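Q: Can you look at this prediction? I've put the sequence above it.
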Amino acid sequence: MPTIASARKNLRKSARKRARNLTKKKALREAVAAFRKSVAAGNRADAATAFRRVSQTLDKAAKTNVIAAGAAARRKSRFQRLLSKLS
């Protein structure tokens, strides 16, 4: 455990940030899983709805630096290609 006050504060801050980031990552994983499930089922309407949710979740994660902006863009592009193959 840190003994300096600022180090103790940084420990508390990093624990809060870690909890927030883990929550966002879990939401992202769930959104991606729902999208992939609807694509596998071949349901275009559900997949389109799930894609909008994934896209929004990726943008929020990138905005708060949970994931890199380029990674979010790359994943959105790949998911868009999966969606377009359904039609």
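A: All right, it came through fine.
Q: So which residues of the chain form helices?
A: When assigned using DSSP state H, the helices of the chain occupy the ranges 5-41, 44-63, 69-86.
Q: Phi first, then psi, for I67.
A: Comment: the main-chain dihedrals of I67 come out as phi -130, psi 160, following degrees, to the nearest 10.
Q: Then A68?
A: Residue torsions, per degrees, to the nearest 10, at A68 are phi -70, psi 150.
Q: middle-most residue in this structure, spatially?
A: By CA atoms, centre = their mean, the mean C-alpha position of the chain lies nearest to L28, the distance being 3.0 Å.
Q: For that one, give me its contacts.
A: By CB atoms under 8 Å, 6 or more residues apart in numbering, the residues touching L28 are 54, 57-58, 61, 66-67. For glycine as for every other residue, the C-beta is placed from the backbone atoms N, C-alpha and C.
Q: which one of the residues you listed sits closest to N43?
A: Of all the contacts of L28, the one with the least separation from N43 (CB to CB) is V54, at 14.9 Å.
Q: Now for the closest one, how many residues are close by?
A: The burial count assigned to V54 is 24, neighbours taken as other CB atoms under 10 Å.
Q: same check, this time on K76
A: Close neighbours of K76, defined as other CB under 10 Å, add up to 16.
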